[in-house]
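Peer 1: Sharing a model prediction with you, sequence too.
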Amino acid sequence: MTLDTFLLLRYEWILGLLIFFLLVAKLRDWDSKPRQFLVIINSLLVLNFIVGFIPLDKGTAFFDFFRTTHLIDFEKNILNMGVLLISVGSSRWIADQKHRGEFYILMLSSLMGMDVMLSAGHMLMLYLGLEMSTIPLAVLANFHKNSLRSSEAGIKFIMSSAFSTGITLFGISLLYGAVGNLSFTSIISNLEPNALTITAFIFILGGFAFKISAVPFHLWTADVYEGSPVAITAYFSVISKSSVVLVFVSVLYTIFGKLSESWILAISILAVLSMTVGNLFALRQQNIKRLLAFSAISQVGFMLVGITGFSAQAVESIIYFVIIYILSNVAAFMVVGAVAHVTDRETLEEYKGLYKTNPIQALVMGISLLSLAGIPPTAGFFGKLFLLTSAVSGQMYILLGIAAVNLVLSLYNYLRVIKYMFVDEATEDVPEVKSNVYEIIVYTFCMLGIIAIGFINPIYTYIQHIVAGI
């Protein structure tokens, strides 16, 4: 392997070395001291995040099976940031776990699969990355082996995942029959709109729709979110979903670009269903994790609205929104985890009067929910504005009208939680949650990002620059 090839795979090599270190640490029982272990692993994740920003040339490897560009590198850095925030913010829960080493091995193995998926230049490599990222998630969902809810979450996820895998593979086989080659370059050159290629696309779309929890492929989401530990639920909601959305955009815009007239209608239908069903089902939820699960489904609907724009502006707006989505959701889930740690419950009733006993957690949760709702001056407002503007450029006016109605519906869902925290009187005060230094760091970083990103123009300008340089 040449040095150039080694550098192209630097993200994967670093994750591989981290996983190897964790395996050695497990064998030598180095993870038995949680405090020292967390300091070491979080320091290594910070180093991984920093190294990812070292500028290197784009290129391909392994006969174009693997490729990288400045945009792909940036997308991997976004995921690295999300994993780092979840790791640091979940330190309280991780320290209490006997199998903390296994947690990191599974999480980083899944992240490596996502990196492979982002850099895929061949449909088989894309499928390999998709499965590499999914299988560890099934184990993570069942991380609490003695919990019936966690076991149920793991079983539901692996069964649904197996079904979606079959759909995706059937679509890939039809695509091979239509084109005769599965490299992205060959598909782009030889793909022609016909019944076979459109059928292949429909099956591949179904596989991706499951991974991003788009309606009607969303039925696993709420149960898996509720049954999984909070840190793992955050990983499902933030990292897994964001990575597949970023890959999905690339696949639609490059591989299936010639079928845009067909898939824009399909994506529009999925967007309407995801926004509407997500918001309507969120209305009746009394479990905070289930509410955030349907919130995530609704947010995916808004991302799909942006995708229908089919332009460079749409790509920019989706990447920009993914960053905001990660910051907002990580902060919200960290508060859920902190409250659940002291109450051992996850119902909305636990959030009544939260501001009186835990003002920091209430403020962080409130700002995060306002950002998810798209209320100014949070960055979520600008993120949704850019997504809707992308749809305007595609002249999707009916879709925009439905999205506007769903913005109001989603606002009610988020304000309901805020009302619980700041207005309602608690029947039983929530015990004081003493945030540790790790949680304070994550809260501060996320809040600064949520407030500042919308007003710091160079961030969006940088995204425009790397998208233009693909």
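Peer 2: Structure's in. What do you need?
Peer 1: Then F63 would be within a strand, right?
Peer 2: No - with DSSP: H, G, I helix; E, B strand; the rest coil as the criterion, F63 is coil rather than part of a strand.
Peer 1: need the next SSE after the host helix or strand of Y420, C-terminal direction.
Peer 2: For Y420, the host element (DSSP states H and E) is helix 397-422. Remark: after helix 397-422, the chain's next helix or strand is helix 437-452, criterion DSSP H and E.
Peer 1: That next one: which residues count as buried?
Peer 2: The neighbour-count check on helix 437-452 (16 or more other CB atoms under 10 Å) flags 438-439, 441-443, 445-447, 449-451 as buried. Heads up, the C-betas are built off the backbone N, CA and C, glycines and all.
Peer 1: Dump the residues you listed into JSON lines; add distance to G101 and pLDDT as well.
Peer 2: What follows is these, written out as JSON lines (distance: CB to CB, whole Å; pLDDT from 0 to 100):
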{"residue": "Y438", "distance to G101": "18", "pLDDT": "89"}
{"residue": "E439", "distance to G101": "22", "pLDDT": "89"}
{"residue": "I441", "distance to G101": "22", "pLDDT": "92"}
{"residue": "V442", "distance to G101": "21", "pLDDT": "93"}
{"residue": "Y443", "distance to G101": "26", "pLDDT": "93"}
{"residue": "F445", "distance to G101": "25", "pLDDT": "94"}
{"residue": "C446", "distance to G101": "26", "pLDDT": "94"}
{"residue": "M447", "distance to G101": "31", "pLDDT": "94"}
{"residue": "G449", "distance to G101": "30", "pLDDT": "92"}
{"residue": "I450", "distance to G101": "32", "pLDDT": "93"}
{"residue": "I451", "distance to G101": "36", "pLDDT": "91"}
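Peer 1: could you dump these to TSV with distance to E425?
Peer 2: Rendered in TSV, the data for the buried residues of helix 437-452 read as follows (distance: CB to CB, whole Å):
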residue	distance to E425
Y438	32
E439	26
I441	32
V442	29
Y443	25
F445	32
C446	28
M447	27
G449	33
I450	28
I451	29
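Peer 1: Helix 437-452 and the strand or helix carrying G82, what's the angle between them?
Peer 2: Under the criterion DSSP H and E, the helix or strand holding G82 is helix 70-89. With axes from the mean of the first three to the mean of the last three CA atoms, to 10 degrees applied, the angle from helix 70-89 to helix 437-452 works out at 140 degrees.
Peer 1: helices or strands up against helix 70-89?
Peer 2: With contacts defined as 3 or more CB pairs under 8 Å, 6 or more residues apart in numbering; DSSP states H and E, the secondary structure elements packing on helix 70-89 are helix 10-27, helix 34-51, helix 100-118, helix 230-235, helix 241-250, helix 312-343, helix 437-452, helix 457-468.
Peer 1: need the next SSE after the third one, C-terminal direction.
Peer 2: Meaning helix 100-118. Per DSSP H and E, the helix or strand that comes after helix 100-118 is helix 123-141.
Peer 1: With adjacent residues omitted, what lies nearest to A61?
Peer 2: Counting by CB to CB, 6 or more residues apart in numbering, the nearest residue to A61 once its immediate chain neighbours are dropped is T5, at 4.7 Å.
Peer 1: related to what we said a few turns ago, and the buried residues of helix 437-452, which is closest to V392?
Peer 2: Within the buried residues of helix 437-452, proximity to V392 (CB to CB) peaks at I450, which comes in at 24.7 Å.
Peer 1: Give me the nearest residue to that closest one, chain neighbours excluded.
Peer 2: Of all residues beyond its chain neighbours, the one nearest I450 is S371 (4.8 Å), with distances taken as CB to CB, 6+ apart.
Peer 1: Next, give phi and psi for that neighbour.
Peer 2: With angles defined as degrees, to the nearest 10, S371 shows backbone torsions of phi -70, psi -40.
Peer 1: Kindly confirm whether my reading is correct that it touches F321.
Peer 2: No - counting by CB atoms under 8 Å, S371 does not reach F321; the two are 10.8 Å apart.
Peer 1: what comes into contact with the worst-scoring helix or strand of the chain on mean pLDDT?
Peer 2: Among the secondary structure pieces of the chain, namely its helices and strands, helix 3-8 has the lowest mean (mean pLDDT, DSSP states H and E), a mean of 76. Residues outside helix 3-8 that contact it (CB atoms under 8 Å, 6 or more residues apart in numbering): 13, 56, 59-61, 66, 68.
Peer 1: And V300, how far from A214?
Peer 2: Relative to A214, V300 is positioned 6 Å away (criterion: CB to CB, to the nearest Å).
Peer 1: My error: substitute R28 in the last question.
Peer 2: Taking CB to CB, one finds R28 at 44 Å from A214.
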